[in-house]
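Participant: give me coordinates for this.
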Amino acid sequence: MLARGLVVLCLSLLIAGPGAAQEAPPLPGIEPRAPRASGDAAADPPSQIVEDQPQQSPVAQIAAPVLTVDQELLFSGSAWGKRVQAELDAAGQRLDEENDRLYNQLASEEAELTSLRKTLDPDEFRQRADAFDIRATQIRREFAQSVDDLNTDVQNERATFFQAVGPIMGRLMQERGALAVLDRRTVLVSVSSINITPDLIDRIDVELGDGADLAQTRPAPAQETDTAPVAEETAPPAPGSSD
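Facilitator: As a prediction, this is how the structure comes out:
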């Protein structure tokens, strides 16, 4: 949700292509930002949950060879994930505001240059149009890099998070007498008692807090290892990352 929501910013700043200024007005500029995409682009088929019979003792835990965890909820429901979401919201707001500022600025310059088209010498107009085209293209590239950097930061946070919770998950798995922990999205039918997501979130919050210190002092791996208890889903790249 996190990596597929706000991180994939629908910024139409990245849509306009170079070269239009040399042909005819309107000159290339930045379009007003489009509404952001909603959270999940594609939903996986829902798993079927069979409710367990009430237990005699609320303290007793059912021993099961396989446990399940909701990766998205594990991250977004933890103090760590909530911190990342808050930082992401703030960064996204700043990008939105910068997109609006650049749009207004280049739209004004475009309108001014278009109004001078009839009075300027053709060669001079072409020079000005070329300069505007180059600058607008550079702005688009720099803005695209800002979006890519934001995506990278979030992916690194998630990778560091899942790397840090691996030992915690492993201890909980051993306490329950289980042999494996599966992503709930890969399970078609299960009983609710084998879902350890809420218990795991509680332990993560106690042991890791919001992860700010850990995320800043430990570089995240480029990709998660095959030995991680839960496989991590890589977020899609931001649109418009290349011209």
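Participant: low pLDDT regions in this structure?
Facilitator: Scanning the chain for pLDDT under 70 picks out 1-63, 215-243.
Participant: where do the helices sit along it?
Facilitator: For the chain, the helices defined by DSSP state H occupy 71-76, 79-115, 122-175, 197-208, 212-217.
Participant: would you turn the ones you listed into TSV with distance to residue 65 and mean neighbour count?
Facilitator: To be clear about C-beta, it is placed using only N, CA and C from the backbone, and glycine gets the same treatment. Shown next, in TSV, are the helices of the chain (distance: least, Cβ to Cβ, whole Å; neighbours: other Cβ atoms under 10 Å):
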stretch	distance to residue 65	mean neighbour count
helix 71-76	20	20
helix 79-115	28	16
helix 122-175	10	17
helix 197-208	17	17
helix 212-217	31	13
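Participant: let me see the contact set for residue 214.
Facilitator: Residue 214 is in contact with 160, 164, 208, counting by Cβ atoms under 8 Å, 6 or more residues apart in numbering.
Participant: dump the helices of the chain to JSON lines, plus distance to residue 181.
Facilitator: Shown next, in JSON lines, are the helices of the chain (distance: least, Cβ to Cβ, whole Å):
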{"stretch": "helix 71-76", "distance to residue 181": "10"}
{"stretch": "helix 79-115", "distance to residue 181": "18"}
{"stretch": "helix 122-175", "distance to residue 181": "5"}
{"stretch": "helix 197-208", "distance to residue 181": "9"}
{"stretch": "helix 212-217", "distance to residue 181": "21"}
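Participant: roughly how far does residue 206 sit from residue 200?
Facilitator: Going from residue 206 to residue 200 by Cβ to Cβ, to the nearest Å gives 11 Å.
Participant: same thing with residue 185?
Facilitator: 16 Å.
Participant: and for residue 163?
Facilitator: For residue 163 relative to residue 200 (Cβ to Cβ), the value is 15 Å.
Participant: got it, and residue 138?
Facilitator: 46 Å.
Participant: I am finished for the moment; much appreciated.
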